[in-house]
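Student: got a predicted structure here, sequence first:
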Amino acid sequence: MDEPFDLAVIVDDDPDIALAARLALRTLFKEIATLPSPQELPAFVTARSPDAILLDLNFERAATDGSEGLDYLGRIMAVDPEAAVVIITAHSAVSVAVEALKRGASDFVAKPWANERLAATVRSAAALRRSKLDTRLERDRTSELAHNGETPLLGQSEAMQRVKMLIDRSAPTDANVLILGENGTGKEIVAREIHRKSRRGKLPMVSIDLGATAEGLFESELFGHTKGAFTGAAGERIGRIKAADHSTLFLDEIGNLPLHLQPKLLTALEQREVVPVGANRAVGIDVRVIAATNLSEERLSDENRFRQDLLFRLNTIEIHLPPLRSRAEDIPQLINHYLRLYERKYDRPERSLPGEVMDPLTKHDWPGNVRALRHAAERAVIMADGGSYRLEDFPLPARPQGGAIPSLSGSLNLDQLERQMIERALRMHHFNISLAAGELGLSRGALYRRMEKHGL
Ligand SMILES: Nc1ncnc2c1ncn2[C@@H]1O[C@H](COP(=O)(O)OP(=O)(O)OP(=O)(O)O)[C@@H](O)[C@H]1O
C-alpha cells in the first residue's frame with residue numbers, strides 16, 4: 001500500500017454523506033477535514049493546500065442546479081490552479097458534472113457511490129496534482145536558474161581573466177570541471193557559462209544543490225527511484241543524473257554529499273549508468289558534470305570527508321574563484337553594474353557614486369562576496385535620495401578585526417542578538433553558508449534572508 005497523502009477536505013452539507021466519504025477515504029489520507037459549506041473553502045485551500053477536495057455541488061440554497069458549487073469551484077481553481085477537486089453529484093445531474101470538468105474539476109462521482117470507486121477516483125486526482133506540482137517546481141527552478149544565467153560574468157582582474165580563459169578552454173570539451181570558491185563568488189554563473197558555451201548548451205542545464213537537499217533524499221534525488229522503493233515513494237521518479245542526459249549536470253555544494261553515497265556517484269560516472277533506488281537494472285547516461293564547492297582544498301583533500309577517487313573524477317579541470325577581497329579592482333565595475341541594474345528595476349534615477357564613497361567600498365572585505373555586494377547595491381538604490389550615493393546608503397557592517405569570533409555583547413535586543421549569532425556562526429564556519437545554517441538550525445535560504453536583513 002502506498003504512503004497516504006497528507007490532507008483531504010470534504011465539503012458537504014449532509015453530515016451522513018460527509019461521514020460516508022470520510023470512511024471511504026480514511027486510509028488514503030493522514031488527515032480528513034470536513035466543511036459544511038463551500039464558503040470557507042477558498043480560505044481553507046489557501047491556508048492548507050489540501051491534496052484533494054471532495055465537493056458536493058448541490059447546497060440547500062441553490063438546490064439542484066449546482067451553480068453555487070460551480071462558482072466556488074472557479075474560485076478554488078483561481079487560488080490553486082493545481083487543485084484536485086472531485087465533484088459529488090446526483091445521478092441525474094450529469095450536465096452539471098460536465099460543466100464542473102470544464103471549469104477545472106479533476107473528476108466526478110455520482111451518489112450513491114461505490115466506496116472503492118470513490119477512493120480510486122480521489123487517489124488518482126491527488127496523485128495527478130502531486131505530479132503537476134513536481135513539474136511546476138522543476139519549471140520554476142529552471143527558470144530561476146535561467147534568469148541567473150543572464151547575469152554576465154564581470155571582472156577584469158587578472159584572476160577573473162584566468163577564470164574566463166579556463167571557461168573558454170574547457171567549455172567545448174566534455175571534461176568534468178570542479179569550481180572552488182567561497183559562497184557568493186559566482187560559482188553558479190561560471191557553471192552556466194561553461195554549459196552555455198558547450199555543445200550541450202541547447203538543452204537546459206540540470207542542477208542539484210546538495211547543500212539544500214534533505215538528508216534522506218540525496219539518493220533518490222540523484223539516482224531516482226522506482227514506485228514503492230521506500231516509504232513515501234508513491235510514484236516513479238527519475239533522478240537528476242538521468243534528467244541531465246545529453247546535457248550538463250551541475251552538482252552544487254558537492255562537499256555536502258554524504259560519504260556513503262560518494263562511491264555510488266563515482267560508479268555512475270565511471271560506468272556511465274545509474275541504478276535507481278529499488279531498481280535492479282541500470283540505465284545508461286551521457287552527462288557532463290560540473291561540480292562546485294565552498295570547501296577549501298585542504299578540507300576537500302581530507303579522505304574522511306571526501307573520497308579522493310571521486311575528487312579525481314570531478315576535477316579534471318579546476319577553476320578557483322578568488323574571494324572578492326582579493327580582487328578589489330573588480331569592485332567598481334560590479335558596483336556600477338548592479339547600481340544601474342537596480343535603478344532600472346526600481347525605476348529610480350541614475351545617481352553618481354563619488355570617489356570618496358567608492359574608495360571604502362573597494363577596501364571593504366566583503367565576507368559574502370559578490371552576492372553581498374549585489375544586495376548592498378540594491379539597498380543603496382532603495383535608500384538613496386539627492387544627486388549622488390552616500391556611504392550610509394550601503395549597508396556595510398563594522399567588522400571586528402583579526403577574524404576572532406565576536407563574543408555576545410550585553411544587549412538583550414533580539415534583533416541585535418540574532419545578528420550577532422549569525423555573525424558568530426558564519427565566522428565559526430569560515431563563512432561556509434551550509435555549515436553556518438546547520439549550526440543555527442536554519443535552511444540556507446532562511447540564513448541568506450537574515451544575512452540580507454542584517455546587511456551581512
Ligand atoms: N563575476 C560576477 N559578475 C557578476 N555577478 C556576479 C559575479 N559573481 C557573482 N555574481 C552575482 O553574485 C550572486 C552569487 O553568485 P553565484 O550564485 O554564482 O555564487 P556561488 O558561488 O554559486 O554562491 P553559493 O556558493 O553561495 O551558492 C549572483 O547574484 C550573481 O549574479
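Tutor: Nice, thanks for sending it over. Bear in mind that the values here come from a model prediction, so they are computed numbers and not experimental data. Residues are numbered from 1 along each chain as shown.

Student: enumerate every residue touching residue 246.
Tutor: Residue 246 sits next to 200, 203, 286-287 when contact means CB atoms under 8 Å, 6 or more residues apart in numbering. Yep, even glycine has a C-beta here, placed from its N, CA and C like the rest.

Student: next one: residue 270
Tutor: Counting by CB under 8 Å, 6+ apart, residue 270 makes contact with residue 313.

Student: circling back to that earlier point, make TSV from the contacts of residue 246 and add distance to the ligand to it.
Tutor: Shown next, in TSV, are those (distance: CB to the nearest ligand atom, whole Å):
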residue	distance to the ligand
200	19
203	20
286	25
287	20
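
Student: and this protein, which residues reach the ligand?
Tutor: In this structure, the chain approaches the ligand at residues 148, 151, 153-155, 181, 183-189, 294, 370-371, 374, 433, judged by CB under 6 Å from any ligand atom.

Student: show the pLDDT at whatever residue of the chain ends up closest to the ligand.
Tutor: Here the chain gets closest to the ligand at one residue, residue 186, 2.6 Å apart by CB to the nearest ligand atom. The per-residue pLDDT reported for residue 186 equals 95.

Student: dump the residue contacts of it.
Tutor: 153, 321, 369-370.

Student: let me know the closest of the contacts of residue 246 to residue 171.
Tutor: The nearest member of these to residue 171, counting by CB to CB, is residue 200 at 9.6 Å.

Student: correct me if wrong: that closest one contacts residue 248.
Tutor: Yes. In this structure, residue 200 is within contact of residue 248 by CB atoms under 8 Å, at 5.3 Å.

Student: which one's more surrounded, those two?
Tutor: Shown here are residue 200 and residue 248; by other CB atoms under 10 Å, residue 248 has more neighbours (24 against 20).

Student: residue 285 versus that one, what's the distance?
Tutor: 12 Å (CB to CB, to the nearest Å).

Student: give me the low-pLDDT residue ranges for the stretch 201-350 of the chain?
Tutor: Per-residue confidence of the stretch 201-350 of the chain (counting by pLDDT under 70) places the weak regions at 229-235.

Student: now swap in the stretch 351-456 of the chain and tell me
Tutor: Low-confidence regions of the stretch 351-456 of the chain, defined here as pLDDT under 70, cover residues 397-413.

Student: what about the strands in it?
Tutor: If you assign secondary structure with DSSP state E, counting those that start in this stretch, the stretch 351-456 of the chain ends up with no strands.

Student: quick one, helices of it?
Tutor: Taking DSSP state H, counting those that start in this stretch to define them, one finds helices in the stretch 351-456 of the chain at 355-363, 369-383, 414-428, 433-440, 444-453.

Student: mind checking which of the residues of the chain next to the ligand are in helices?
Tutor: Using DSSP state H, the members of these that fall in helices are 148, 187-189, 370-371, 374, 433.

Student: which of the residues you listed are buried, as a ChimeraX select command?
Tutor: Those of those that count as buried under 16 or more other CB atoms under 10 Å are selected in ChimeraX with:
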select :187,188,189,370,371,374,433
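
Student: how about CSV for the ones in helices among the residues of the chain next to the ligand, with distance to residue 303 added?
Tutor: Conversion of these to CSV gives the following (distance: CB to CB, whole Å):
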residue, distance to residue 303
148, 34
187, 24
188, 27
189, 31
370, 32
371, 31
374, 36
433, 24
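
Student: and the contacts of residue 186 as JSON lines, adding distance to residue 89?
Tutor: Formatted as JSON lines, the contacts of residue 186 follow (distance: CB to CB, whole Å):
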{"residue": "153", "distance to residue 89": "58"}
{"residue": "321", "distance to residue 89": "61"}
{"residue": "369", "distance to residue 89": "59"}
{"residue": "370", "distance to residue 89": "58"}
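
Student: domains of the chain?
Tutor: Taking automatic domain parsing as the reference, the chain has its domains at 5-132, 151-322, 325-393, 403-453.

Student: for the third one, the distance to its chain's centre please.
Tutor: Taking the mean of its C-alpha atoms, domain 325-393 sits 27 Å from the chain's own mean (CA atoms, centre = their mean, to the nearest Å).

Student: show me where the chain has strands.
Tutor: Under the criterion DSSP state E, strands of the chain are mapped to 5-11, 29-35, 52-56, 85-90, 107-111, 177-181, 206-209, 224-225, 237-238, 248-252, 273-274, 283-284, 288-293, 317-321.

Student: residue 171 touches residue 191, doesn't it?
Tutor: No. The pair residue 171 / residue 191 is not scored as a contact, 10.8 Å apart, by CB under 8 Å.

Student: more neighbours: which of these two?
Tutor: residue 191 (26 against 19).

Student: on that earlier part again, can you flag the buried ones in the contacts of residue 186?
Tutor: With neighbours counted by 16+ other CB under 10 Å, the contacts of residue 186 contain buried members at 321, 369-370.

Student: from these, which single one is nearest residue 455?
Tutor: Proximity of the buried ones among the contacts of residue 186 to residue 455 (CB to CB) peaks at residue 369, which lies at 14.5 Å.
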